[in-house]
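*Asks:* The following comprises the amino acid sequence and a computationally predicted model.
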Amino acid sequence: MRGLILTNAYVNTGDIAYQPDRLKQEFELLGVSADVLLNDFFAVEISGGNIVHSLQKYDFCIFLDKDKYVLKAIEKCGIPTYNGYEQITACDDKMLTFLELANCGIPMPKTLPGLLCFDSNATVKEQSVDIIIEKLGLPVIVKECFGSLGKGVHLAKTKDELTDICQRIKTKPHLFQQFVSSSYGKDVRVIVIGDEVVGAILRASDSDFRSNISSGGHGEKFKLSTEMKDLSLKVASLLKLKYCGMDFLFDLNGKPLLCEVNSNAFFKGFESVTGINVAKKYAEFILKDLSK
């Protein structure tokens with residue numbers, strides 16, 4: 001058996017590089033060859049009206065890129081993917097994640113979809129900014145729908161700051177979200193593989209409203225309540241994810257609010273804090289899943 005671990009062609013350092021290298025190591029300890037390749041060699045093409053590919057030697061693909069077109073093509077070629085097109089697409093777009101989980105009993109912060117603008121010279125209407133403030137209050141979170149490691153997440157404390165952020169990102173997909181002050185600078189990262197909650201860490205920052213360890217935050221082991229475990233498994237099941245990391249905030253009563261779901265969650269900091277071998281668990285799960 002041979003696996004392909006496909007990563008982005010342009011960003012492959014730090015936490016991003018750690019993930020494929022660890023997975024390759026654990027697969028090889030399990031007696032399975034795995035190649036880590038950059039997604040820069042046009043593995044798939046449409047020729048004569050059909051999808052043609054050069055991945056015949058691979059029995060599965062762990063897709064660590066976000067190029068949904070290549071992922072869709074690999075799936076159509078019949079190669080099992082972890083995660084799949086539907087799952088990665090739903091998680092890659094933060095607003096789409098909330099829409100997929102809406103009406104399913106998942107507690108989430110109050111959220112508004114951004115008003116996408118197609119004219120870079122246009123001016124965001126003051127009326128729109130006023131409605132955001134009326135519905136969500138200040139401060140307010142503004143998130144670009146595509147981004148990792150806390151990038152593209154903004155905190156607007158005043159109307160002027162909100163207007164400026166809206167103006168700067170108006171041509172990018174984005175959303176507006178109620179600021180959860182009770183969870184300022186802290187959240188809980190949970191990792192789920194298959195139908196197992198692997199573990200959780202509390203992430204915190206002393207200097208930023210974002211808690212990402214890669215951006216200067218720190219982590220510690222966190223014992224999940226039965227409520228949070230059940231909620232984590234429900235989210236993973238609703239999104240049909242075989243591997244994911246999800247982030248929870250705390251409301252004023254200490255109850256969890258889902259903040260984000262990551263279909264390719266980085267686990268360098270998680271492994272370091274918990275001592276849990278996430279890469280091994282993921283590799284073992286994939287091999288078991290393929291044997292079904």
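*Replies:* It's in.
*Asks:* counting contacts, what elements does the helix or strand where I141 lies pack onto?
*Replies:* According to DSSP states H and E, I141 maps onto strand 140-144. Contacts defined by 3 or more Cβ pairs under 8 Å, 6 or more residues apart in numbering; DSSP states H and E place strand 140-144 against strand 153-156, helix 159-169, strand 174-178. (C-beta placed from N, C-alpha, C; glycine too.)
*Asks:* Neighbouring strands - and their directions - for it?
*Replies:* Using DSSP bridges, the strands paired with strand 140-144 in its sheet are strand 153-156 (antiparallel), strand 174-178 (antiparallel).
*Asks:* Compute the inter-axis angle for that strand and helix 159-169.
*Replies:* Put simply, strand 140-144 runs at 10 degrees to helix 159-169, going by axes from the mean of the first three to the mean of the last three Cα atoms, to 10 degrees.
*Asks:* Put the alpha carbons of strand 140-144 into PDB.
*Replies:* The C-alpha trace of strand 140-144 is given here as PDB (Å, rounded to 0.1, in the frame of the first residue of the first chain):
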ATOM      1  CA  VAL A 140     -17.400  43.100  16.800                       C
ATOM      2  CA  ILE A 141     -15.400  40.400  15.100                       C
ATOM      3  CA  VAL A 142     -14.800  40.600  11.400                       C
ATOM      4  CA  LYS A 143     -13.500  37.400   9.800                       C
ATOM      5  CA  GLU A 144     -12.300  36.800   6.300                       C
END
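*Asks:* Pull out the buried residues from it.
*Replies:* 140-144 (16 or more other Cβ atoms under 10 Å).
*Asks:* Of those, which pair is most distant in space?
*Replies:* V140 and E144 (14.3 Å; Cβ to Cβ).
*Asks:* got the buried residues of strand 140-144 as JSON lines, with distance to C259 columns?
*Replies:* Formatted as JSON lines, the buried residues of strand 140-144 follow (distance: Cβ to Cβ, whole Å):
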{"residue": "V140", "distance to C259": "15"}
{"residue": "I141", "distance to C259": "9"}
{"residue": "V142", "distance to C259": "14"}
{"residue": "K143", "distance to C259": "10"}
{"residue": "E144", "distance to C259": "15"}
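*Asks:* now, which of those sits nearest T226?
*Replies:* Nearest to T226 among the buried residues of strand 140-144, with distances taken as Cβ to Cβ, is I141, at 28.7 Å.
*Asks:* gap between the closest one and F179?
*Replies:* Distance of I141 to F179, computed by Cβ to Cβ, to the nearest Å: 5 Å.
*Asks:* Please apply the same query to G31.
*Replies:* Taking Cβ to Cβ, one finds G31 at 49 Å from F179.
*Asks:* Who has more neighbours out of those two?
*Replies:* For G31 versus F179, neighbours defined as other Cβ atoms under 10 Å are more numerous around F179 (20 against 8).
*Asks:* ok, how many other residues are close to the closest residue in space to that one that isn't next to it in sequence?
*Replies:* Spatial nearest neighbour of F179, chain neighbours left out: P139 (4.5 Å); criterion: Cβ to Cβ, 6 or more residues apart in numbering. Number of residues near P139 (other Cβ under 10 Å) recorded here: 16.
*Asks:* give me every residue that touches P139.
*Replies:* 155-157, 179, 181 (Cβ atoms under 8 Å, 6 or more residues apart in numbering).
*Asks:* what's the answer for V52, then?
*Replies:* Applying Cβ under 8 Å, 6+ apart, the residues near V52 are 44-46.
*Asks:* quick one, what contacts F118?
*Replies:* T171.
*Asks:* what about it, which SS state?
*Replies:* coil (DSSP: H, G, I helix; E, B strand; the rest coil).
*Asks:* Same list (the contacts of P139) but as CSV, adding pLDDT.
*Replies:* What follows is these, written out as CSV (pLDDT from 0 to 100):
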residue, pLDDT
L155, 96
A156, 97
K157, 97
F179, 97
S181, 94
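*Asks:* between these, which has the most around it?
*Replies:* A156 leads the contacts of P139 on contacts (other Cβ under 10 Å) with 23 neighbours.
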